[in-house]
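# I would like to see how this sequence folds:
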Amino acid sequence: MNTITVEQIPAMVGSEIGRSEWRAITQEMINSFADATDDHQWIHLDPERAAAETPYGGTIAHGFLTLSMLSTFAFEALPTVEGSVMGINYGFEQIRFMAPVKTGARIRAIFILSDADIRPSGRILATYDVKLEIENSLKPALTAVWKTLSILERN
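Below you'll find the predicted structure:
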């Protein structure tokens, strides 16, 4: 993971700031997510029925599972701001689920820094345009506008 300074941030606005590695979405991950959220819909958990009754040829990941992967992708792909003591999920302006993620598919996230509000309080509100790609697919799994808050150490 690389580190950037606060002074470098304004020049990065409008550019790709991080790209994660590909990660496979397994049936085990989907099952665990179903248990954690109590969302046991058969299109996620029953491979035989999903193969027979859906156009996907098998089970698909929950949309919220793919969305939740953004936190691990961000940790992996985004640079750390020098002097940052913590990062906080500030929320989403927009989320669109564009295509289903079939079990076994690989996904990755691309982060474009679309805005950065560097505040005198020692906080940076960053806005990212995020695309969650599906390997070998023309459509992304999702797109989102995501805001995070970096808290800088006080001198």
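
# ok, the residue nearest the centre of the chain - contacts?
The residue lying closest to the centre of the chain (CA atoms, centre = their mean) is residue 70, at 1.9 Å. By CB atoms under 8 Å, 6 or more residues apart in numbering, residue 70 lies in contact with 109, 130, 132, 144, 146. Quick note: C-beta positions are derived from backbone N, CA and C, even for glycine.

# helix or strand for it, which one?
Assigned by DSSP states H and E, residue 70 belongs to helix 63-77.

# With residue 55 instead?
Using DSSP H and E, residue 55 falls within no helix or strand.

# Got phi/psi on it?
Main-chain torsions, residue 55, degrees, to the nearest 10: phi -80, psi 0.

# now the strands: where do they sit in the protein?
Secondary structure of the chain (DSSP state E): strands at 3-4, 16-19, 23-24, 80-81, 84-97, 106-119, 123-134, 142-152.

# CA atoms of the fifth one as PDB?
Meaning strand 84-97. The C-alpha coordinates for strand 84-97 follow below in PDB (Å, rounded to 0.1, in the frame of the first residue of the first chain):
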ATOM      1  CA  SER A  84      -4.100   9.600   8.900                       C
ATOM      2  CA  VAL A  85      -5.100   7.900  12.200                       C
ATOM      3  CA  MET A  86      -8.400   6.400  10.900                       C
ATOM      4  CA  GLY A  87     -10.800   6.200   8.000                       C
ATOM      5  CA  ILE A  88     -14.600   6.300   8.300                       C
ATOM      6  CA  ASN A  89     -17.200   5.200   5.900                       C
ATOM      7  CA  TYR A  90     -19.200   8.400   5.400                       C
ATOM      8  CA  GLY A  91     -21.800   7.000   3.100                       C
ATOM      9  CA  PHE A  92     -23.000   6.700  -0.500                       C
ATOM     10  CA  GLU A  93     -24.500   9.300  -2.800                       C
ATOM     11  CA  GLN A  94     -25.600   6.700  -5.400                       C
ATOM     12  CA  ILE A  95     -25.400   2.900  -5.800                       C
ATOM     13  CA  ARG A  96     -26.500   1.100  -9.000                       C
ATOM     14  CA  PHE A  97     -26.500  -2.700  -9.300                       C
END
